[in-house]
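Chemist: have a look at this fold, sequence not included:
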């Protein structure tokens, strides 16, 4: 796989050199596989990362320093190589690659370089042909110093790598394409397609454009010249020769460059070491006679052009005078039409005033109708709201009825549960009574045998009797609870305990004990919770609630009081009231936690 990097000054004609290679087998560089970057984008990225100066701002060869790219940048270039691995020969042209010549040469030893140069005259000619007019005289030193700095860096790289570079003159590649391709073929592994003639199949006008630095601005000039030919009936070749004035331009460029020997000396060095220099026949100096003849033709052309323009001006003036007379007649007719329009507008205004009165009357009736409609809609809205309120009250009543029914079912289930427990207790007492009778019979049969056994039986009998009495008392208590049914009380004993200050303070301590930050903020959190509790009490108006034992689920309150949150909050409140107990509060809280864990462990067994 062969690779070619074409590098040249922006005014060197490097594009024509790239076009020759494109026509003879060099493929276009495909973007990299991963990032989709072209070689020009990779070079621009490296220049941006290493803060290289813009090419048009360089005035000294020392300003063009090769980028010392680290290994971190090699991935982009290697990815580009993988994207073009299927092409036997590919390449690209980039003037900015002057900063990355060492980077590309060190990255791939098989890469070849085509270094393109042209005479410094081309810089001046392209600047004069650029859109926007001739550049100011003050910019000429900058342009020539920029050309010299760029081509000096190009020559320096060629001298360091003569075996991998081909230094070519842009004009000579158009004149001797075969010679150019043969020299380049020695540096490549892939074959180039040759041409049949020495000029490389290029048309004479293309070679002439390359010699004199024709740019994109020439196309716009040609378009203007074509329009002049169509309007003034002049010959295109005469106009082109007069306007382009290549001989005069070349002669004047030689005069300008005489004040810049540095540029001409560098050009001579490039010619001396170039692989394909411009031949002597094409390097003939500009003739003062040819420049004089060109100037004479220009003057004659300008005189003819001005004469034609004057004749066209007189014809245009006559046409304009006739148009003015016609315009005056049209203005008079327009005045008459405007007078008629004024009369018509007065009649229209009268009709409009009548129409406005009718519209106002219609709007008044419309507003009255809207007011009546709005009153009817307001009444309908009030009826709808009343109906919704009635429906809401009915819904609330049905919900209360369902709640009472659910409470009644829960009371019945509680009653059944107590009855079941009572039956179980009775059965247990009967079983124990039977066991006691059997033990008594055994005691009587063995009373005569051993006194120690008799005492043991008596002690067992006493314990059984005590257990029986205890069950009997519990049974009586259960009967007292079940037999006289109390009036149904409210539910929510557990929630009421959870809303007490002691339970809320304990919950705050438990929620913050997992982290050091939580421990440090516990005092402020307890103060905030106490304030919130007092604020809720004030908001509720300190309404007196029924006693806990009157709640139908009062047993749930006792269960909640055994929670660690309630017990910790209760200890905190008991100790916070007395300053003397503040120091013993942490130990009391730890003791309460240990007691809670012990009870839970015992319950789990």
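Modeler: Everything's here; your move. Source: prediction; values computed, not measured.
Chemist: now residue 13: closest residue in space, sequence neighbours ignored.
Modeler: With sequence-adjacent residues excluded and distances taken as CB to CB, 6 or more residues apart in numbering, residue 13 is closest to residue 170, at 3.3 Å. In this view, the C-beta of every residue, glycine as well, is placed from N, C-alpha and C.
Chemist: could you report the distance from the one you found to residue 319?
Modeler: 51 Å (CB to CB, to the nearest Å).
Chemist: so which of these two has more stuff around it?
Modeler: residue 170 (26 against 10; other CB atoms under 10 Å).
Chemist: distance of that one from residue 146?
Modeler: In terms of CB to CB, residue 170 sits 17 Å off from residue 146.
Chemist: swap in residue 272?
Modeler: From residue 272 over to residue 146 (counting by CB to CB), the distance is 22 Å.
Chemist: neighbour count for these two, which is higher?
Modeler: residue 146 (22 against 8).
Chemist: shouldn't the more buried one be in contact with residue 60?
Modeler: No. Between residue 146 and residue 60 there is no contact under CB atoms under 8 Å: 9.4 Å.
Chemist: pull up the overlap in contacts between those two.
Modeler: With contacts taken as CB atoms under 8 Å, 6 or more residues apart in numbering, residue 146 and residue 60 have no neighbour in common.
Chemist: the stretch 201-350 of the chain: helices as residue ranges?
Modeler: 204-211, 217-232, 236-244, 246-257, 261-273, 288-446 (DSSP state H, counting those that start in this stretch).
Chemist: where does the prediction get shaky in the stretch 51-200 of the chain?
Modeler: 130-137, 190, 194-200 (pLDDT under 70).
Chemist: all helices for it, in order.
Modeler: According to DSSP H, counting those that start in this stretch, the helices that the stretch 51-200 of the chain contains are 74-83, 101-107, 121-129, 140-160, 170-175, 177-185.
Chemist: any chance of JSON lines for those helices, columns distance to residue 358?
Modeler: Output for these, formatted as JSON lines (distance: least, CB to CB, whole Å):
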{"stretch": "helix 74-83", "distance to residue 358": "80"}
{"stretch": "helix 101-107", "distance to residue 358": "87"}
{"stretch": "helix 121-129", "distance to residue 358": "74"}
{"stretch": "helix 140-160", "distance to residue 358": "80"}
{"stretch": "helix 170-175", "distance to residue 358": "86"}
{"stretch": "helix 177-185", "distance to residue 358": "91"}
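Chemist: what pLDDT is listed against residue 208?
Modeler: Note on residue 208: pLDDT of 47.
Chemist: next one: the one 10 residues further on
Modeler: At residue 218, the predicted lDDT confidence score is 48.
Chemist: so in this protein, where's the weakest helix or strand by average pLDDT?
Modeler: helix 204-211 (a mean of 45; mean pLDDT, DSSP states H and E).
Chemist: what are the phi and psi values at residue 186?
Modeler: phi -70, psi -20 (degrees, to the nearest 10).
Chemist: wait, what's in contact with the residue nearest to residue 147 when sequence neighbours are not counted?
Modeler: Among residues not flanking residue 147 along the chain, residue 123 sits closest, at 4.9 Å (CB to CB, 6+ apart). Contacts for residue 123 (CB under 8 Å, 6+ apart) come out as 9, 11, 143-144, 146-147, 213.
Chemist: widest-spaced pair of those?
Modeler: 146 and 213 (15.3 Å; CB to CB).
Chemist: quick one: stretch 178-197 to chain centroid distance?
Modeler: 50 Å (CA atoms, centre = their mean, to the nearest Å).
Chemist: what sits up against it?
Modeler: With CB under 8 Å, 6+ apart as the criterion, stretch 178-197 contacts 1-2, 4, 20-21, 24-26, 88-89, 110, 112, 114, 164, 166, 168, 172-173, 177, 198, 200-201, 275-276.
Chemist: now that stretch: buried residues?
Modeler: 178-181, 184-185, 187-188, 190, 192, 195 (16 or more other CB atoms under 10 Å).
Chemist: next, the buried residues of stretch 148-161.
Modeler: 148-155, 157-158.
Chemist: off-centre distance for that stretch?
Modeler: 44 Å.
Chemist: residues contacting that stretch, please?
Modeler: By CB under 8 Å, 6+ apart, stretch 148-161 touches 7-9, 12, 55, 58-61, 63-64, 95, 98, 101-102, 105, 113, 115, 117, 120, 165, 167, 262-263, 266-267, 269-270, 273.
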